[in-house]
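1. sequence unknown, structure follows:
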């Protein structure tokens, strides 16, 4: 998973990967989000460390364009934050709270557009005028802005 994230993070550099590879990264996130859902439903994640929870469960869900998975990610982060607080692990609770903040940022984009506009070019999708304005003026983070340049030459 971290390898996938590094590929996606570094793909906007001067060593851009072809769009085909980016589509592979995106489809990997889609597959990982579905797998994360199955892991949650099975109860396996209960024994995970905070980092396993963040990277194996929370991250794939927040990068999914599926609203149900986005909401599930928020719900599980809320649950885990409460568990860490109840156990007196304030550092883990704060980390989960920060992760939940990122997840909520991603959720707002999916609620607004039904997809991540920053992926449109790599996925061969046309931007709507509202998405174009968002990309130019409102994107939620520097990292997300870097993703909009994927595939540009």
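-> It's in. Keep in mind it's a predicted model, so treat the numbers as computed, not measured.
2. Can you tell me the SS state at the residue sitting furthest away from the middle of the chain?
-> Largest separation from the mean C-alpha position in the chain: residue 88, at 27.7 Å (CA atoms, centre = their mean). Here residue 88 is coil, with the state taken from DSSP: H, G, I helix; E, B strand; the rest coil.
3. which phi and psi does the residue nearest the centre of the chain have?
-> When CA atoms, centre = their mean is applied to the chain, the residue found nearest the centroid is residue 63 (2.4 Å). For residue 63, the backbone dihedrals (degrees, to the nearest 10) come out as phi -100, psi 10.
4. let's number from 4 now, not from 1
-> Let's use 4 as the start, then, which means that last one is residue 66.
5. Pretty sure it sits against residue 36.
-> Yes. Residue 66 is within contact range of residue 36, at 7.0 Å (criterion: CB atoms under 8 Å). To be clear about C-beta, it is placed using only N, CA and C from the backbone, and glycine gets the same treatment.
6. wait, what's in contact with the residue farthest from the centre of the chain?
-> Shown in contact with residue 91 (CB atoms under 8 Å, 6 or more residues apart in numbering): no residues.
7. rewinding a little: report pLDDT for the residue nearest to the centre of the chain.
-> Note on residue 66: pLDDT of 90.
8. Distance of it relative to residue 73?
-> Distance, residue 66 to residue 73, using CB to CB, to the nearest Å: 9 Å.
9. Can you show me the helices along the chain?
-> Assigned by DSSP state H, the chain shows helices spanning 5-13, 22-45, 53-55, 62-65, 70-89, 93-116, 132-136, 145-151.
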